[in-house]
Each structure stands twice: as structure tokens, then as C-alpha cells.
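K.L.:
Mind folding the following:
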Amino acid sequence: MTEQHVNAPAPRQVFLVGLTTSQANLTYELEELANLAKANNLTPVETFTQKLERPNPATYFGKGKVEELAEAAKTYDVDMIVANDELSPSQIRNLEKLTNTTVLDRTGLILDIFAQRAQTKEAKLQVQLARLQYQLPRLRTSMSVSLDQQTGAGGGGFTSRGSGETKLEESRRRITSQMVRIRQELAELSKGTSTRSAKRTTNELANVALVGYTNAGKSTLMNRLLARFGVGADTDDTKQVFEKDMLFATLTTTVRQLTLPDKKQFLLSDTVGFVSKLPHNLVSAFKSTLQEAANADLLLQIVDVSDEHYKDMMATTEKTLAEVGVTDVPMITVYNKADRTELVYPEVSGENTITISALDPASQDALIDLIKKQIFNDVQEVTLHIPFDQGAVQAKLAAKHTFSKEDYDETGTLITVELSELERKLYADYIV
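P.N.:
As a prediction, the model looks like this:
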């Protein structure tokens, strides 16, 4: 495995195939499919499309197009086809037989990428669960033998069954058992995540979550803000998040605390990116990964405004958020990568929108100002009287706030400071 990582295999050449239907935006979807393929070390060499009202239930494409595919596979010496849709088990089997290639559908491709990118225990379990859910209806005899070799045939309490049970049935039982175990492990891990989230909530800090299409610049923006306002992130790489120009560069939700020059603080979360036609099983499995977005006080939808399909990407983000139950959370739309386009879009404006370049400090400052207006909108300036013998209270306030005015009388210190509604309740006894 180490040697394979060091000497990465050459990209495998593949065909991309897709159908034009009445609802499909095929140009956009195939461009995205090509990027997904490249993220999985595959090189698209040719694209085949067909206009059909609905996919052929047996072979996805029509008979003539399948024959064209088979002939092209011989000519180009290509042994893999990547389909733009999720295919049924019979469609995959029939296409493989007729074209003499391996067929990978969009769902299988995305699952493969997620399996490679998963780093944390929770992410690995979530991907494993999604893959098992995908494999279960696609099991066939050859796959069941392979699974037996991987998991150890005869184990897991199956030895007492009658000899009439097939390998296929045994594999189905084993996968179902694995899914139950994984769900139990995820439930335990979720308890820990909820506890950490609750601790952050009691720490009186607002949570701002970055959401959006994969590769829109979420991690880039987070790292630039961390370098300026995060503790130690300017000198310690471990404080930053993984950043790379490719789809699904990271699957891990990262939470960091930012402290602004006026000492206002909030939490910033970088979440997994979205993609169109995200597999249903994966959406379900990754609900806990998006917990930070669900619990956020404010969402920043990061949009790559330099991409001509940015509106489709926004629609994908909003649809996915709705699917995982993230609703009724205030949102700022951040049109990013403005430095990469000279086009001006009239709709890219409004009260809760901003156009920026994540690399530009002035853009970052403008975004921070907009965030502050949203999450500190309940802040009011008040005057507190802190007795001299309660210096710890004043020290606690000074650690989190900048005093606009400070004076003294015979018994204590008079402080003028901006406090949130919650803080005004906490320090009600000192307000004058």
C-alpha cells in the first residue's frame, strides 16, 4: 500500500456516457462527471450521449448506441465506462456484457472518491455504510465469493446453517449484519459530537458554518481567516484545514475559533462540499457530518461565481441542505473567486450577499463586517459598575471585549461595553 501511494498508478482511460432527458442539464453534469473521474485518477478520452425520454431499463442506452460504445471500446482500447446516472444492477451487468468493459455509475464513482478521502473514524464508517447500502442490491455470485475472501468465510455465527444456503444469501446476511454494527458505532460517535457541540453552545459563542458546492473555495476562505484571526493558525499548519483544487478534497468537518481585533469571538466550521446527484445513501450517511451546519447560527453559502454553472451549483447546495434537514438557518451568499472573472452579474447583490475573493484581505474584512451584523445583531452598549473587590468579573469581561469607556468612582469601576442579550442577563446585577 505504501509503495502504491509513492508510485501512483497512471490514470485509467475511460468513456463518459450520459442521457439527455427533458430535465437534464447534460453539459453541466458531464463536465462535473469528468472532474469527478479525474478526482478518482481516471482520464476521460471520449464522451457519448443520447437523447431519450427515459433510460433504457435493460441497457441504459438504446441498442444502436450500445453497439457504438462496444466498437469504440475496441478501437480506443478502453476497458471502463462511467455513466452519469445511478444504474440498476441489471443495466450494469448487461452493459458490461455487451461492451466487454467494466461499468461504473455516478454513485459508485462518488463512493469510491469518498472512500479514498475519508480520514476520521466517523467519516470512514459513514462511507463504509453507504457503500454497503449500495452493494447490497448489486450482489452476485462472483461478488459474494470476493466478499467471503475479504471477511473470512464461515465466521460470524453462520456455520450452523443448513447446506442449502447459497454464498449469495450468506453475503447478504453478512452485509446486513455489518450495517447494523456500523450504525451502532456511528450512534456512539454521534453522542460525543453532540456533547462537544453542546459545550461550544454553553461557551456563548455563535457558530458560523461554511456550506456550498465542492471546490467553491470554502477551505481556502477558512484558512485565510484562520491565518488572520485564529489562534496559532498563522504559524501552525495543524490549525488549518486541508486545501486542494479538486472535488471533495476533504470530507471532515472542522471547527475553529476566531477572535477579531475588537475581541468578538465566534466559531467557524468548514463542512463537506456538495455535488449534484449526490447518492441518496451518502446524503443519509453524512447527516451527522453536516451537524455543524444544522446547529449553526449563520450559514455562509460559498459560490464559485467564476463558473458559468454557478446557479446550478447553488440549486444543488440548497437542495442538499433541505434533504439533510438544514432549514430555517439565516444565510449569507458569498460569491467567491471574483478575481477570476470580469463578468458582472446583476443578481449577485442584495442585503445578505457579498462578492469577494477569498485571497483578498479587503474582501475578508468586508465579509467579517457582514458576519458581525448577523451574529451580533442583539448586541447593545451598556454601562456596568464593577466593585473593586470583584476584579475577576472585570478581568473576564476584558478577556472577551474591548471597553469603549472606563471610569472609576469611590467603590468600583464604570465600564461601557457592548454585550449580547445572553451576556446582559449574565451581568444584569452590574448594569447601571
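K.L.:
so Gly18, which of the three states?
P.N.:
strand (DSSP: H, G, I helix; E, B strand; the rest coil).
K.L.:
Next, count neighbours for it.
P.N.:
Neighbourhood size, Gly18 [other C-beta atoms under 10 Å]: 22. No exception for glycine: its C-beta is placed from N, CA and C like everyone else's.
K.L.:
Who are the contact partners of it?
P.N.:
Residues near Gly18 by C-beta atoms under 8 Å, 6 or more residues apart in numbering: Ala24, Leu26, Glu29, Leu30, Leu33, Thr47, Phe48, Thr49, Ala83, Asn84, Asp85.
K.L.:
And for Leu95?
P.N.:
Thr59, Tyr60, Phe61, Val66, Leu69, Ile81, Ala83, Leu87, Thr101, Val103.
K.L.:
Pop out the phi and psi values for the residue positioned nearest the centre of the chain.
P.N.:
The centroid of the chain falls nearest to Val272 when counting by C-alpha atoms, centre = their mean (1.4 Å). Here is the backbone geometry of Val272 (degrees, to the nearest 10): phi -60, psi 140.
K.L.:
you'd agree it is up against Leu290?
P.N.:
Yes: between Val272 and Leu290 there is a contact at 7.0 Å, judged by C-beta atoms under 8 Å.
K.L.:
Now list whatever residues contact both of the two.
P.N.:
Thr253.
K.L.:
pLDDT averaged over the helix or strand in which Ala73 is found - what is it?
P.N.:
Using DSSP states H and E, Ala73 sits within helix 63-76. For helix 63-76, the mean per-residue pLDDT is 96.
K.L.:
List the contacts of the helix or strand just after that helix.
P.N.:
Using DSSP H and E, the helix or strand that follows helix 63-76 in sequence is strand 80-83. With contact meaning C-beta under 8 Å, 6+ apart, strand 80-83 is reached by 12-18, 33, 37, 42, 44, 60, 69, 73, 95, 99, 101-106, 109.
K.L.:
So for strand 80-83, mean pLDDT?
P.N.:
Mean pLDDT, strand 80-83: 96.
K.L.:
Asp262: what's it in contact with?
P.N.:
Shown in contact with Asp262 (C-beta under 8 Å, 6+ apart): His401, Thr402.
K.L.:
so it is in which element?
P.N.:
Asp262 is part of no helix or strand when elements are defined by DSSP H and E.
K.L.:
roughly how far apart are the residue nearest to the centre of the chain and Ile375?
P.N.:
Val272 sits 23 Å away from Ile375, going by C-beta to C-beta, to the nearest Å.
K.L.:
CA-only coordinates of stretch 386-406 in CSV, if you can.
P.N.:
The C-alpha trace of stretch 386-406 is given here as CSV (Å, rounded to 0.1, in the frame of the first residue of the first chain):
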residue,chain,number,x,y,z
ILE,A,386,-17.9,46.5,38.9
PRO,A,387,-17.0,46.7,42.7
PHE,A,388,-13.3,46.9,43.4
ASP,A,389,-13.4,43.6,45.3
GLN,A,390,-14.8,41.8,42.2
GLY,A,391,-11.9,42.3,39.9
ALA,A,392,-12.3,38.7,38.5
VAL,A,393,-15.6,39.8,36.8
GLN,A,394,-13.8,42.8,35.2
ALA,A,395,-11.0,40.5,34.0
LYS,A,396,-13.4,38.1,32.5
LEU,A,397,-15.1,40.9,30.6
ALA,A,398,-11.8,42.4,29.4
ALA,A,399,-10.7,39.0,28.0
LYS,A,400,-13.6,38.9,25.6
HIS,A,401,-14.5,42.6,25.0
THR,A,402,-12.9,45.9,24.2
PHE,A,403,-14.2,48.6,26.6
SER,A,404,-15.3,51.8,24.8
LYS,A,405,-15.1,53.7,28.1
GLU,A,406,-13.7,53.1,31.5
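K.L.:
Now do it, average pLDDT.
P.N.:
Mean per-residue pLDDT for stretch 386-406: 90.
K.L.:
And the helices in the stretch 51-200 of the chain?
P.N.:
Applying DSSP state H, counting those that start in this stretch to the stretch 51-200 of the chain gives helices spanning 63-76, 89-99, 106-117, 121-135, 141-151, 167-202.
K.L.:
Measure how buried Ala70 is and give me the count.
P.N.:
Going by other C-beta under 10 Å, the residues that sit close to Ala70 add up to 17.
K.L.:
how close does it get to Thr20?
P.N.:
21 Å.
K.L.:
remind me which residues of the stretch 301-432 of the chain are low pLDDT?
P.N.:
Within the stretch 301-432 of the chain, the stretches with pLDDT under 70 are 343-349.
K.L.:
again, only using 80
P.N.:
Filtered on pLDDT under 80, the stretch 301-432 of the chain yields the residue ranges 324, 341-351.
K.L.:
where do the helices sit along it?
P.N.:
310-323, 361-375, 391-400, 421-426.
K.L.:
Verify the stated contact: Ser306 with Thr341.
P.N.:
Yes: counting by C-beta under 8 Å, Thr341 is a contact partner of Ser306 at 4.2 Å.
K.L.:
follow-up on the earlier one: so which of the contacts of Gly18 belong to helices?
P.N.:
Using DSSP state H, the members of those that fall in helices are Leu26, Glu29, Leu30, Leu33.
K.L.:
OK, contacts around the residue lying closest to the first one once chain neighbours are set aside?
P.N.:
Right, Leu26. Nearest non-adjacent residue to Leu26, counting by C-beta to C-beta, 6 or more residues apart in numbering: Thr20, 4.9 Å away. Neighbour list for Thr20: Leu26, Thr49, Gln50, Lys51, Leu52 [criterion: C-beta under 8 Å, 6+ apart].
K.L.:
same check, this time on Tyr213
P.N.:
Gly273, Phe274, Val275, Ile302, Val303, Asp304, Met313, Met314, Thr316, Thr317.
K.L.:
Name the nearest of the residues you listed relative to Val393.
P.N.:
Among those, Ile302 lies closest to Val393 (C-beta to C-beta), at 39.4 Å.
K.L.:
Just give the number of residues close to that closest one.
P.N.:
Neighbour tally, Ile302, other C-beta under 10 Å: 30.
K.L.:
Find the residue closest to it in space, skipping its chain neighbours.
P.N.:
Counting by C-beta to C-beta, 6+ apart, the residue nearest Ile302 is Gly212, at 3.8 Å.
K.L.:
ok so, going back, of the helices of the stretch 51-200 of the chain, which shows the lowest average pLDDT?
P.N.:
helix 141-151 (a mean of 43).
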